[in-house]
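Chemist: Kindly return the folded structure for what I paste below:
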Amino acid sequence: MRALLCHCRQHLEAENDVALCDVVREHLILMHPNLEPSRDQVEEIVATRAYDLEYKEIYPDVDFAFERR
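Modeler: As a prediction, this is how the structure comes out:
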């Protein structure tokens with residue numbers, strides 16, 4: 001999983017850098033329409049600011065049960 005934190009503090013993530021470029025471009029178009037990023041600019045943003053993200057189970061051997069009251 002790859003992720004990126006936009007300058008507006010929106011967390012963006014996708015399976016890989018190619019997919020993350022699509023997510024970032026869509027976010028910029030929708031949330032920052034005045035930027036009008038080119039494909040090269042989006043690729044540069046991802047190349048310089050993206051990081052690996054890994055989700056892990058904190059308690060893999062514990063079943064949690066919630067009771068309704």
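Chemist: List the buried residues for the helix or strand encompassing Ile45?
Modeler: Applying DSSP states H and E as the criterion places Ile45 in helix 39-49. By 16 or more other CB atoms under 10 Å, the buried positions in helix 39-49 come out as 42-43, 45-46. (C-beta placed from N, C-alpha, C; glycine too.)
Chemist: Return the list of strands paired to the helix or strand just after it, each annotated with direction.
Modeler: Downstream of helix 39-49, the next assigned helix or strand under DSSP H and E is strand 51-52. Using DSSP bridges, strand 51-52 pairs in its sheet with strand 2-5 (antiparallel).
Chemist: Could you export the partner strand as PDB, CA atoms only?
Modeler: Taking C-alpha atoms only, strand 2-5 is exported to PDB below (Å, rounded to 0.1, in the frame of the first residue of the first chain):
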ATOM      1  CA  ARG A   2       1.300   3.500  -0.800                       C
ATOM      2  CA  ALA A   3       0.100   6.700   0.800                       C
ATOM      3  CA  LEU A   4       0.500  10.400   0.600                       C
ATOM      4  CA  LEU A   5      -0.500  13.300   2.800                       C
END
